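J.: Mind looking at a prediction? Sequence and model below.
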Amino acid sequence: MNTRIISSWAGTRRLSLAAFFLSAALMCTLVAPASADDKQEAAQLVEKSQMTLRSFTTDSSMGAFRDLIKEARGVLVIPQLLKGAFVVGASGGSGVLLVRDGNADRWFGPAFYTIGGASFGLQIGGQASEVVLLAMTERGVTSLMASSFKLGADAGVAAGPVGVGIAASTANLNANILTFSRSKGFYGGISLDGAVVATRGGLNEVYYGKEVNPSDIFVRREVTNYQVHGLISEVTKLACSAGATGSC
């Protein structure tokens, strides 16, 4: 009996330590300077984002997501959001933003972003998730295009409905941004509400060959990169609304 208790305690302690070090690593990632491998990282993020959208397409529990993306004005894809906690929790990841031109139903981008947050309370564990944020309003898109903003404070955020047979009608349509995720791992205690989203200027610069900001990419449309063609095709296929014209 005592042996089992000691063994269980030891396993929990190892998990706690692992979660603690993951939390610390995530915090460091959010403040790390741009590396020499930025160009490769940018290309991989675009490719992985396309794969994430494809996986959401084939997931039977993502019916509401497939309905709601048809009305979305912007899509932020985070192929891997890591979460870890040991009393203090941390989450972090990088991804790409695409924005729709409502008049022509065309999509532009990407711009590169990082997302991270911290929480306090009784929590333990670690998790890796694929996350997609849908900007459902102009305010949501405007917030995402800022150099930095906080989910829930600068734009209302809510978890999108997930489950087999769940319809888009069950979503909180008052929210500016809806979040969807697919997760693996053990975790309890973190929400994206309060997470900070910020541009990754280094990745934007190496991807387009010059220093640019989200307005240059989405409003003035001064830059483009042929490597994004597959991702644009994927989001266009998902998001084309009924009766749309142009690229649909």
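T.: Alright, I've got the coordinates.
J.: In this structure, mark out all the strands, start to finish.
T.: Taking DSSP state E, the strands of the chain run over residues 74-101, 106-135, 148-150, 157-159, 177-186, 196-199.
J.: ranking these by burial, who's on top?
T.: strand 74-101 (a mean of 24; mean count of other C-beta atoms under 10 Å). No exception for glycine: its C-beta is placed from N, CA and C like everyone else's.
J.: any idea of the mean pLDDT for that one?
T.: The predicted model assigns strand 74-101 a mean pLDDT of 79.
J.: Format the strands of the chain as CSV; extra columns: distance to Glu205.
T.: Compiled in CSV, the strands of the chain are given as follows (distance: least, C-beta to C-beta, whole Å):
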stretch, distance to Glu205
strand 74-101, 15
strand 106-135, 9
strand 148-150, 17
strand 157-159, 28
strand 177-186, 26
strand 196-199, 11
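J.: and the nearest residue in space to Phe218 that is not next to it in sequence, how far is that from Thr114?
T.: Here the nearest residue to Phe218 in space, its sequence neighbours aside, is Val99; by C-beta to C-beta, 6 or more residues apart in numbering that works out to 4.6 Å. Distance, Val99 to Thr114, using C-beta to C-beta, to the nearest Å: 18 Å.
J.: Where does pLDDT dip in this protein?
T.: Per-residue confidence of the chain (counting by pLDDT under 70) places the weak regions at 1-36, 83-91, 103-104, 117-127, 152-155, 161, 163-173, 184-191, 241-248.
J.: List the residues that contact Leu238.
T.: The contact partners of Leu238, by C-beta atoms under 8 Å, 6 or more residues apart in numbering, come to Leu53, Thr57, Arg66, Ile69, Lys70.
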